[in-house]
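K.L.:
I need the structure of the sequence given here:
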Amino acid sequence: MGISLLLLISAGLFGKTPDKPVQYRLGIRADHLMTFSLLPKLNQYTDQSIAAFHTQLTERLAAIPGVKLVSASRVPQ
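P.N.:
Below you'll find the model as predicted:
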C-alpha cells in the first residue's frame, strides 16, 4: 500500500512537470523560437565536413529576413 501511494505521488509530480520552455520565465519570447536537430553523420559526413556544414548553416539561417539570432550547439551522443 505504501509503495503504491509513493508511485502515485511520483507519477503526479512527473505529470505536472512543465515540458515547454514557454512555461518558464527566461526573459525571452519562446513563442518565436525554433529548435531542431541534425545528424549529419547519418549521411556519411566527416567531422571536418560537419564543422563546415554547421558554419554554413548558421550563416544561411542568420541571412533570412526577420531572423535576429542563430545559435548552434553540439550534444554528445
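K.L.:
now the helices for this protein?
P.N.:
For the chain, helices defined by DSSP state H occupy the ranges 2-16, 47-62.
K.L.:
so which of those is the most surrounded?
P.N.:
Among those, helix 47-62 has the highest mean neighbour count (mean count of other Cβ atoms under 10 Å), at a mean of 12. Every C-beta, even on glycine, is put in place using the N, C-alpha and C of the backbone.
K.L.:
now that helix: mean pLDDT?
P.N.:
Averaging pLDDT along helix 47-62 gives 90.
K.L.:
again with stretch 66-76
P.N.:
83.
K.L.:
quick one: residues in contact with it.
P.N.:
The contact list for stretch 66-76, computed with Cβ atoms under 8 Å, 6 or more residues apart in numbering, reads 37, 54, 57-58, 61-62.
K.L.:
ends of it, how far apart?
P.N.:
One end of stretch 66-76 sits 31 Å from the other (Cα to Cα, to the nearest Å).
K.L.:
quick one on the thing from earlier: how about CSV for the helices of the chain, with distance to A72 added?
P.N.:
Shown next, in CSV, are the helices of the chain (distance: least, Cβ to Cβ, whole Å):
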stretch, distance to A72
helix 2-16, 30
helix 47-62, 5
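K.L.:
next, name the residue at the spatial heart of this structure.
P.N.:
What sits nearest the mean C-alpha location of the chain, by Cα atoms, centre = their mean, is T35, with 5.3 Å.
K.L.:
output stretch 49-64 as PDB, nothing but the C-alphas.
P.N.:
Below are the C-alpha coordinates for stretch 49-64, written out as PDB (Å, rounded to 0.1, in the frame of the first residue of the first chain):
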ATOM      1  CA  SER A  49      32.700  18.500 -43.100                       C
ATOM      2  CA  ILE A  50      30.300  18.600 -40.200                       C
ATOM      3  CA  ALA A  51      32.000  21.700 -38.800                       C
ATOM      4  CA  ALA A  52      31.900  23.400 -42.200                       C
ATOM      5  CA  PHE A  53      28.200  22.400 -42.600                       C
ATOM      6  CA  HIS A  54      27.300  23.900 -39.300                       C
ATOM      7  CA  THR A  55      29.100  27.100 -40.100                       C
ATOM      8  CA  GLN A  56      27.400  27.400 -43.500                       C
ATOM      9  CA  LEU A  57      24.000  26.500 -42.000                       C
ATOM     10  CA  THR A  58      24.200  29.200 -39.200                       C
ATOM     11  CA  GLU A  59      25.300  31.800 -41.800                       C
ATOM     12  CA  ARG A  60      22.400  30.900 -44.100                       C
ATOM     13  CA  LEU A  61      19.900  30.900 -41.300                       C
ATOM     14  CA  ALA A  62      21.100  34.300 -40.000                       C
ATOM     15  CA  ALA A  63      20.700  35.800 -43.500                       C
ATOM     16  CA  ILE A  64      17.000  35.000 -43.500                       C
END
